[in-house]
Structure formats: structure tokens, C-alpha cells
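Visitor: Sequence plus the predicted model coming up.
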Amino acid sequence: MLKKIRVVIAGLFFLLITLLFLDFTGSVHVWFGWIAKIQLIPAVLAVNAVILAALVLATLLFGRIYCSVICPLGVFQDLVSRISSRRKGKKNRFSYSPAKSLLRYGILGLFIVSLVAGLSTVVSLLDPYAAYGRMAANFLAPLYRWGNNLLALLAEQIDSYAFYSTEVLVKGWLTFGIALVTLIVTVILAWKHGRSYCNTICPVGTFLGFLSRFSLFRIVIDVNKCTQCKACERGCKSSCIEAHSFSVDHSRCVACFNCIGKCKFGALKYTGARAVKKAAGEAEPPGLSRRNLLSLLGLLAVSATVKAQQLQVDGGLAAIEDKKVPDRKTPIMPPGCESAQHMKQHCTACQLCVSACPNHILVPSRKFSVFMQPEISYERGYCRPECVECSQVCPAGAIRPITPADKSAISIGQAIWIPDNCVVNRDGLPCDSCQRHCPTGAITLIERDPDHPKLKIPVVDKELCIGCGACENLCPARPFSAIYVEGNVRHHSI
């Protein structure tokens, strides 16, 4: 019964968090965005004390239920392992293996040091939630959107507009490659060894595993009933049960309850561990002490303080040259992130905001210091004043929630005019695109010279410019716009 309940809840969590990365309408985030916010690392980066306390308390009470129910990468590994068992015809294919403690705690130490030092690239690569998010955004989201576009095409044939087409883009080939490598490694390990990734590489698994050694409820073996048939050991995907010594490594047990269903003699129970251990004479597992538990919790608390498509004109009669990315000295950060430093410290690079952006302007950064964290690029669109999707979906607090009214007063960058690129100077043609599309009236046209009154050039009022990119995106100059946006290191109100 426990296993069935766990499978149902885990399946529901997995489905909903996957939909968060697939949904491009924003409707799923309204109801289920909280699922991303209860992931451990986003909660740490958001300094969400309530969620952190709840996860720690749940682990101290029930063991690693986070890993078996809430973590999407953990549930994904269970799916791969289950498929492998069915294909091989070996449901009992595992065996006990000693814990690789040096590797586990070494990676956890590296992760915590990276959190404290602000090495966001290391944090992003090791965070299991972000790893699954990148896989969902890069592999499942395009399939989902292609399916949506097919339905939109079919619906249009019967004069129905229940669906609408959306662009299918690869936001960053480097991020796509990282996601592919993560997928391959995770699938291979889960296919062959079940939860070995969780119990060897994942720092969240190691941290929660350390806490679960002191959990109130856990899997225990009744030595009076056990026949040492090894059914539980062969069915344990965490390889943490050693039948001949009647022992369970609770630091690696993910509370999946598979072993309870395997035992025909009722020798395994999920119950209060202290009383059973005392009766059975089982000793405390060797390793870190409770004093170190408090130290680890304290340290964690401190750490918390290219192209996909070519656009064409209607009818495909002539190709429109793609805009090229200008050489920005300062990247443009999404409204609500406050500053580049805040983004660097809190973002886990899960790509949820990149997937949710309806204007396709958020892309993963290629810079090592902020690798795969979102930044804005205006080649395919601009930051519309009414859109606040990225601020509503961020689970780590890297992009704080804002309203459209707030956004219209936040300056994320400054528009800069490049005279040599402007069609007024280059081609001698009148143009007022930048002024006409500026939502804040920050751009004014002035006469270039008295002899040509129709030829006017833009002047940017830096006190009014919010860096939305409408001028850059809608500028007719190719391949580089005549006006582009430099990011603000720290956002400010106008």
C-alpha cells in the first residue's frame, strides 16, 4: 500500500512539474507553480526558510521522501529503471554495494563551497531540479510545441481556433549539449544501476541522505522473521540493503518501499526506527555525528544567506536577413532580478523562465561565470511592457515577482544609437521606427541637418529609457540594429 501511494503521488508531481516546462500559455504556472518552489536548491537560493524547514523536518521524520516523490530527476530515474527491468525481464536485478562516501561527501562539499562562493555554474550543473528542467526544456518542450502546432493546423481546417501556433526554437546549442550529456549519463546509470546517480553524484541526495540517518521512521529488518533470501536486496534500486548482515544503509535509502513488497515473510517494516533497533540490538551506522549534522545544517543556512529557424516574408518570396547579436559589454538581466549579482547568486539555471517567456527573448548565457543563466537578447522579440511571466515562474527568487505597473518603471538597460548602422545615414532614407515603438517616449527624433528636414536621427533620454528593446528589435537595419540596448549592472526605477 505504501508503495502504491508513493507511486501515485510521485507520478502526479512529476507530471505537473514537467508541464511547467512545457506550458507556454502560463495557465499551468498559475495553479502549480508552487511545485517548482518546493524544490530544495531553489528554496535555498530563494532563502525560503519555511520550505527549507519543512523539507528538513520531513526528512528527519520520514527519510528521503523528497527524493522518491518530489524530485523530478529522481522520479525520472525510477521510470528509466522500471523500463530497464521490464525489457531485461529481471525485476530483481540489483545487489548490495558499499557506499562511495568519499565521492559523495566530496561532491557535497564542492557544492556547498560553490554556493557560499557564488560559483553559480557548479551549482547549476549539480542541482538535480535544474538538470531535469534543462532536459525537459530542450527535449520535451519542442515535441510538445510541435504537437500543439499540428493540432492548431488541424483545427484551422475546420474553422476552429482553440489552438494557436507557436515558434519551436533551440534557445542555446551549448545548453542543449549540456542537457544531452546529462540525459545520457542519467539514463545509463539508471538503466544499469537504478538510483546510483542519486546516491553517488547528487549533492541533494547526499545531504538528505545524511539527515535520513537520523530519521524517526525508516525501513528496518526484523531479524526474527528474515530468512536471508535476499529478495529485498535484489529489489533495492538504491543497493543499500545487505541481507546477510540484516542492515540497511539509511543514508542511501530513498523510501521507495519496493523492498517491503518483495519480502514474503513480513520481515521488513517502515516504522519508528529507534524502538526496533533497540530491540534488535542494531548499532548506529558509522559516519558523521549528530554534532556534524548541526554543523552541516548551519553551513547550508550560511550558503543560502544557433539558430533554430530562418524567418521569411509572407509567401517566402524573399529572405529577411537575421539580426545578429550586438557585442554588449553588460548583459541584460530580466526585470525583477534587481541586479546581475543577485541573479548570479540565486539562479539555478533550470530554464523554467526561458521556457515560459512568450516573446522568446530569454536565452541561456554562454559566459562561464553565469553559465546557462538567463539573459535577454532582442533578435526575435522585445520585452513587452505587459508581460511578467518570468517573474511569476522563478522558483529560486532570482527574478522577484513584479506587476506590469512595476515593470514599466524598471530600467534594465539603456538604448545606444550607432550612427553608421542607421538607414538615415547609411541609405539616406527617412525612418522613425525607434521613436514610434518606444513605450516610454524615451526616443525623440531631431533633424540631422537643415538641408534635409525629412532625415531625422534619434536622441535617447536616459532618464526615461527602460531598456525594453523595442527599438532594437524593430529597427529595420540589418544585420546589426542601428540602436541597441546595453544592460544595467543594477536595475533602477525611472
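Guide: Yep, it's here. Residues are numbered from 1 along each chain as shown.

Visitor: got the domain boundaries for the chain?
Guide: Each structural domain of the chain that the record assigns through automatic domain parsing is listed here as a residue range: 2-280, 409-494.

Visitor: avg pLDDT for the last one?
Guide: This points to domain 409-494. Domain 409-494 shows a mean pLDDT of 93.

Visitor: Ends of it, what's the gap?
Guide: Distances were taken as CA to CA, to the nearest Å; on that basis the terminal residues of domain 409-494 are 5 Å apart.

Visitor: now it: how far from the chain's centre is it?
Guide: Taking CA atoms, centre = their mean, to the nearest Å, the mean C-alpha location of domain 409-494 is offset from the chain mean by 34 Å.

Visitor: Tell me how many other residues surround the closest residue to Leu455 other than its chain neighbours.
Guide: The spatially closest residue to Leu455, leaving aside those adjacent along the chain, is Arg448, at 4.7 Å (CB to CB, 6 or more residues apart in numbering). Glycine gets a C-beta too; all of them are placed from N, C-alpha and C. Look at Arg448: counted by other CB atoms under 10 Å, it has 18 neighbours.

Visitor: Spit out the contact partners of Arg448.
Guide: By CB atoms under 8 Å, 6 or more residues apart in numbering, the residues touching Arg448 are Val424, Asn425, Leu455, Lys456, Ile457.

Visitor: biggest strand in the protein by residues?
Guide: Once the chain is assigned using DSSP state E, the strand that runs over the most residues is strand 483-493.

Visitor: elements contacting that one?
Guide: Secondary-structure packing of strand 483-493 (3 or more CB pairs under 8 Å, 6 or more residues apart in numbering; DSSP states H and E): helix 340-346, strand 410-417, helix 470-474.

Visitor: which residues sit against it?
Guide: 326, 328-333, 335, 337-341, 375-376, 378, 409-418, 422, 434, 443, 458, 460, 467-469, 471-472, 475.

Visitor: Now with 7 Å, please.
Guide: 326, 328-333, 338-340, 378, 409-418, 434, 458, 467, 469, 471-472, 475 (CB atoms under 7 Å, 6 or more residues apart in numbering).

Visitor: Do I have it right that Leu362 meets Ile376?
Guide: Yes: taking contacts as CB atoms under 7 Å, Leu362 lies within contact range of Ile376: 6.3 Å.

Visitor: residues shared between the contacts of the two?
Guide: Common neighbours of Leu362 and Ile376 (criterion: CB under 7 Å, 6+ apart): Pro334.

Visitor: quick one: which of the contacts of Arg448 is nearest to Thr59?
Guide: Among the contacts of Arg448, Ile457 lies closest to Thr59 (CB to CB), at 62.6 Å.

Visitor: can I get the CA coordinates of the helix or strand harbouring the closest one in PDB?
Guide: Under the assignment given by DSSP states H and E, the secondary-structure element containing Ile457 is strand 456-460. In PDB, the C-alpha atoms belonging to strand 456-460 read as follows (Å, rounded to 0.1, in the frame of the first residue of the first chain):
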ATOM      1  CA  LYS A 456      15.900  62.800 -38.700                       C
ATOM      2  CA  ILE A 457      18.100  60.900 -36.200                       C
ATOM      3  CA  PRO A 458      17.200  59.600 -32.700                       C
ATOM      4  CA  VAL A 459      18.200  61.100 -29.400                       C
ATOM      5  CA  VAL A 460      17.800  58.900 -26.300                       C
END
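
Visitor: Relative to it, what are the paired strands and their orientations?
Guide: With DSSP bridges as the test, strand 456-460 is paired with strand 443-447 (antiparallel).

Visitor: Give me the contacts around the partner strand.
Guide: With CB under 7 Å, 6+ apart as the contact definition, strand 443-447 has outside contacts at Asp432, Cys434, Gln435, Pro453, Lys456, Ile457, Pro458, Val459, Val460, Asp461, Cys471.

Visitor: pLDDT weak spots in the stretch 301-450 of the chain?
Guide: Under the criterion of pLDDT under 70, the regions of the stretch 301-450 of the chain flagged as low confidence span 301-320.

Visitor: need the contact list for the nearest residue to Tyr144 once chain neighbours are set aside.
Guide: In this structure, Tyr144 finds its nearest non-sequential neighbour in Leu22, 4.3 Å apart by CB to CB, 6+ apart. Contacts were defined as CB under 7 Å, 6+ apart; by that measure Leu22 touches Leu140, Ala141, Tyr144.

Visitor: any residues touching the helix or strand containing the second one, and which ones?
Guide: Remark: Ala141 resides in helix 141-157, with elements defined by DSSP H and E. Taking CB under 7 Å, 6+ apart as the criterion, the residues outside helix 141-157 that touch it are Phe21, Leu22, Phe24, Tyr161, Ala162, Phe163, Tyr164, Ser165, Thr166, Val168, Ser355.

Visitor: Just name the closest of these to Tyr96, please.
Guide: Compare each of those with Tyr96 using CB to CB and the shortest gap goes to Phe21, at 35.9 Å.

Visitor: residue boundaries of the helices in the stretch 351-494 of the chain?
Guide: If DSSP state H, counting those that start in this stretch is used as the criterion, the helices of the stretch 351-494 of the chain fall at 352-356, 389-393, 404-407, 423-426, 433-437, 470-474.

Visitor: Equivalent analysis for the stretch 101-250 of the chain, please.
Guide: 101-117, 120-126, 128-135, 141-157, 173-193, 203-212, 231-235.

Visitor: Pick out the most distant pair among the contacts of Arg448.
Guide: Every pair in the contacts of Arg448 was compared (CB to CB); the two farthest apart turn out to be Asn425 and Lys456, at 11.0 Å.

Visitor: Cool, thanks, signing off.
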